[in-house]
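Peer 1: what would the 3D arrangement of this be:
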Amino acid sequence: HFLVQVSTDNGATWEAQAIHLPETVFTLETASMLNTTQALVRVLATDGLNTASAVAGPFTIANPVGVDYVSPAPDATNINVDQPLYAGFRAALDPTTVNSATFTLSGGPYGTVRGFIRYDDESREATFIPQTRLAYNTTYTAHVDAAIRTLDGAPLAAGATWSFTTEPDVSPPRPSLLSP
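Peer 2: So this is what the prediction gives:
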């Protein structure tokens, strides 16, 4: 059996990619890994009593910079009407390019939803906080534009567009007082 591990920091840390692999062929998917010029691959082989290992590299991982994840998830339903939106990125961004023109939300009774946009350098995450509560049981479309740039000025390889639907209004009806 084989164990395949990858290090993206020249061997300081290792992450298992395949455990108890019975075959001698393995395709390593790097799309979710950080870009680096110091990637190493380590293969450990065991027969149950003896273990041997081999390390190969360094290799370069050069994935295009793009949106790694979004929240709410695409096509999610029952999203809280007060929920902020998040978009995570593979590389550090130029915070001046993350703004109301490059992170947008549309739909509902207002058309374009106004919001506050914040970018956190440490987590490489942009947050869109709607200025008003979203409408209940409504589909919204969020968009992160490819015009956002990394710190070295490179544009995103692609933006991201996704939709989600807010929760239904389950609050009881409010009585109205009518006077003659």
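
Peer 1: for the helix or strand hosting residue 119, what is the distance to the chain centroid?
Peer 2: Counting by DSSP states H and E, the element that carries residue 119 is strand 115-120. How far strand 115-120 lies from its chain's middle: 15 Å, per CA atoms, centre = their mean, to the nearest Å.

Peer 1: do the same with stretch 4-11
Peer 2: That offset, for stretch 4-11, works out to 22 Å (CA atoms, centre = their mean).

Peer 1: and what of stretch 162-179?
Peer 2: 31 Å.

Peer 1: may I have the beta-bridge partners of the residue positioned nearest the centre of the chain?
Peer 2: Among the residues of the chain, the one closest to the centroid is residue 69, at 1.5 Å (CA atoms, centre = their mean). Per DSSP bridges, the residues bridged to residue 69 are residue 88.

Peer 1: pull the residues that contact stretch 149-158.
Peer 2: 64-67, 89, 91-94, 97, 144-148 (CB atoms under 8 Å, 6 or more residues apart in numbering). The way it works is simple: take the backbone N, C-alpha and C, and place the C-beta from them, glycine included.
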